Structures are given as C-alpha cells and as structure tokens.
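K.L.:
Task: produce atomic coordinates for the following.
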Amino acid sequence: MLKKLGEGGQGAVYLVEGQRLGRKALKWYNHEQATEEQRKTIQDLVQQGPPSGEAGRRFVWPIDLVYSPRSPQFGYLMDLIDTQRFAELGEVWAKRKPAPTMKALCNISYAVADSYRALHLRGLCYRDISAGNIMFDPIQGDVLICDNDNIGVNNQSEAQVWGTMEYMAPEVVRKEAKPSTDTDLHSLAVLLFQLWIWHHPFHGQMEYDIRSWDLIAKQKIYGQKPIFIFDPNNHENRLPNDPDYDTARRRWEVCPQPLKEKFIQAFTIGLHNPKRRVTEGEWRKLFLELEDCIVPCPHDGAENFWSEKQPDVRCWYCHRPVPVPPKLLLTSTAGKQYIVLNKDTRMKKRHIEPTSHQEQWNEIVGEVVQNPNNPSVWGIRNHTTNSWKATTAAGAVKEIPPQKSVPLQAGLKIQFNPLTQGAIIS
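P.N.:
Presented below is the predicted three-dimensional model:
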C-alpha cells in the first residue's frame, strides 16, 4: 500500500502495487460497510466482468476481491484513473479543468448513455448514477464510469446504497420504489442535464425560497413536489431573477431544440410515469445526430447546432448569423438523418450501414475534400471498397469508385449501398 488517494462514505481508496498486476487502486470498505451482502456483490461483479465492447471498457470494474487475515474488512482492486486527463464535472464548473466543446459534449453524453444501456441490457441496474461517479476527457470526450460496486440485478438484489438524493427518481425519494433500471433512467437524465446546463433540473424558485436546506426540504424538491425549471406549462419553479442562475438560463437558451424536447419529456411526463422516461437508446441516437449537425462560426470558431426545425443558425457566442454548409440527407433502414458537410466532416460506417456491428461504427467511409486543381470545388471522397452511384439533378448517372470523389452539388443523389441513399441539400 503506497498512499491514500481519497475517501468516501463507504470507505477509502489507496494506491497499491503488486508483482502480478502492477499499480492499481484498492477500495477498502469501512467496518459498517464490509457486509456479507457487499462482499457477495463484489464477488459476483468480478466473476461476471463488465459489459462487452467499448461500452463495457468505460466501466472501472472490480478486478478482484482483497482480504486481510487480520481484519474482517475487505476491499477490491480496480484500474487507476489518469486524473490529469480525466475530469469531474465539478472541476469543470470550478474552472480547474477546461469545459468540453460541443462536439466533445456530444461524445461524452453518447458514451454515458451507451454504457448504461449496455449495463441495463445485461439485466443490471447501476443504482447510483451521479456526476460524482463519472469522469471524462474534456478534450477528446472519452468517459470513465467509477464506483461500480453497487451494481446489482434489476429488481432482485438488495443494495446498501440507494443513490444520491438529488439524482434519485421521485418515487425512490418517497420510498415508493427501490432502485431499478427505470429509476436509473431518471438519474441519467439529471446527469445529462447537468452536463449540458450546469444546473439541477429542479433548482428554481422553490429551492431559492427555502432557507433551511435540510432533509425535509430536499425530500420536497426531489420527491414530493419536483417541478422542472423549464416546464413549458408549469411556471411555479422557474429560475429566479438572480445572477447566480444566469449560467443555467444562458446555457438553456443555446441548448439545441431536439435536446430541449428530450429534457422536457424526461422532467415532465417521465417524472411521474417511469415507463415514459427517455431511454438510453433515445439519448444515444440524439447525441449522434447532434454531433453530425455541428456548424462552427466563421467569426470565432464557436460550435453551433443546425436542425431541420431551426435552419437559421445564429452564433451563441458572437450572436452573428452563421452560414450553413450543404447538408447530406441520408435515408436508410434506420430512417432519415442529416450530416452537415463542413470542410473537415467525415462520414462513418454507422451513417451508411446502421445495422453494422457497433465496434465498426466509427470506421471512416467518406470525407469532405477540396479539389486539388480547383480549391473552390468541394466533394465527398469514397473511402469504402465498393463503388457508389451518383445521380445529378439533371439525371446524369456517374459511378464513384473507391478513393474517387463526387462534387457537392445541390440535388445530387448518392446510392451508397442497396439500403442507403443520400441527397445533397443546400
């Protein structure tokens, strides 16, 4: 044991080193937390291992149980986290780590939803989703999910921890339900809201008017009378007229409309009907779509979002109009989706083969390029091993073999494969 890394309600975390595994982190439980039920939970998690694929690799999963012959206490080993690279949300709010760009925020949000979806598909629930259990790379958007020792079988295994109250579903706060995948969905929505808006969805006028922020007050705000601060029909808990709430107000203003709609669903209908909550799959799909529709401002580089519902883009930072490049409208078995064709846009396998294996989704299949002989002409280069078929607005048909490009022209249609077609729109 080399040194203590941190301490929490359940125990302390130490830096340890062994001959076989090298340097790891050891979580060592306090006496009262070192129960037989907790030991069995850790043993089950070690035996099962994390979910498969990229979604599972984001979990800092228990590697092995650790005992001491001189103590009834125990702990478990896990991988170390690079705290120089990975940040907690609180560090970003305190300006100790950089705030993620919009693109990185889309990646972070997608990764969080994707990993909890993988966990839930295995019949497990997390029970304690919160900003304190998530770390992310604010530059690249990679995510780590920490404190995985309270994961259990949905609606079966008991848990010592029921969550952090400000993230608990209202029915859990009221003790009408135990933690489950349904209550995880509420906690996930709160976490995503905090990532985007830097505020709690229920901290409005009602919380502002409370003078004693005690257990009774928290139970009222989070469980007995939770009201969304941006509820379009109930203004009782609107943000107060106080500068401390300006950040939340401003970030909500620049929040893309499709994301606003999901938050409104999560914290109005989903608040009282667990089966109407936004699912991890819905969040996942939304953040992929948002990432595809980012438009940088030519004046200051700030990232903005284009959407079919809001086609005119005004920069959130400098407030000037932002010219929107051509868009590629894709139609496939997964429905329709847009890609804004910026000068650095890359098409991925998930765009033209939505049913391909998720581990292959990020393979590059096309990219926007300049014509080397005429830099004013832009096109899409084919990076697949198959030819595409392009049809101009005038009806002329042209084959686009691998590593060749097709010029970006309004009305151009591209048949990428038998199931996916794209159309260039201005």
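
K.L.:
pLDDT of the host helix or strand of Leu192, averaged?
P.N.:
Following DSSP states H and E, one finds Leu192 within helix 181-197. Helix 181-197 comes out with an average pLDDT of 97.

K.L.:
Just the residues contacting the helix or strand just after that helix, thanks.
P.N.:
On the C-terminal side of helix 181-197, the nearest following helix or strand under DSSP H and E is helix 205-208. By C-beta atoms under 8 Å, 6 or more residues apart in numbering, the residues outside helix 205-208 that reach it are 200, 217, 220-221, 225, 227, 236-240, 242, 245. For the C-beta atoms, the positions are set from N, CA and C on the backbone; glycine is no exception.

K.L.:
for stretch 367-374, same thing?
P.N.:
Counting by C-beta under 8 Å, 6+ apart, 341-347, 377-381, 383, 405, 407-408 sit against stretch 367-374.

K.L.:
which among these end up buried?
P.N.:
The neighbour count (16 or more other C-beta atoms under 10 Å) marks 341, 345, 347, 378-381, 405, 408 as buried among the contacts of stretch 367-374.

K.L.:
Format these as CSV; extra columns: secondary structure.
P.N.:
Formatted as CSV, the buried ones among the contacts of stretch 367-374 follow (DSSP: H, G, I helix; E, B strand; the rest coil):
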residue, secondary structure
Leu341, coil
Thr345, coil
Met347, strand
Trp378, strand
Gly379, strand
Ile380, strand
Arg381, strand
Ser405, strand
Leu408, coil
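
K.L.:
can I get those residues in a markdown table with distance to Lys327 and pLDDT?
P.N.:
Formatted as a markdown table, these follow (distance: C-beta to C-beta, whole Å; pLDDT from 0 to 100):
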| residue | distance to Lys327 | pLDDT |
| --- | --- | --- |
| Leu341 | 7 | 96 |
| Thr345 | 10 | 95 |
| Met347 | 13 | 96 |
| Trp378 | 13 | 92 |
| Gly379 | 15 | 94 |
| Ile380 | 12 | 96 |
| Arg381 | 18 | 96 |
| Ser405 | 18 | 94 |
| Leu408 | 10 | 91 |
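
K.L.:
Tabulate those (CSV), appending distance to Phe287.
P.N.:
Formatted as CSV, these follow (distance: C-beta to C-beta, whole Å):
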residue, distance to Phe287
Leu341, 20
Thr345, 17
Met347, 17
Trp378, 27
Gly379, 28
Ile380, 23
Arg381, 26
Ser405, 29
Leu408, 26
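
K.L.:
coming back round to it: which one of the contacts of stretch 367-374 is nearest Lys398?
P.N.:
Of all the contacts of stretch 367-374, the one with the least separation from Lys398 (C-beta to C-beta) is Pro407, at 10.0 Å.
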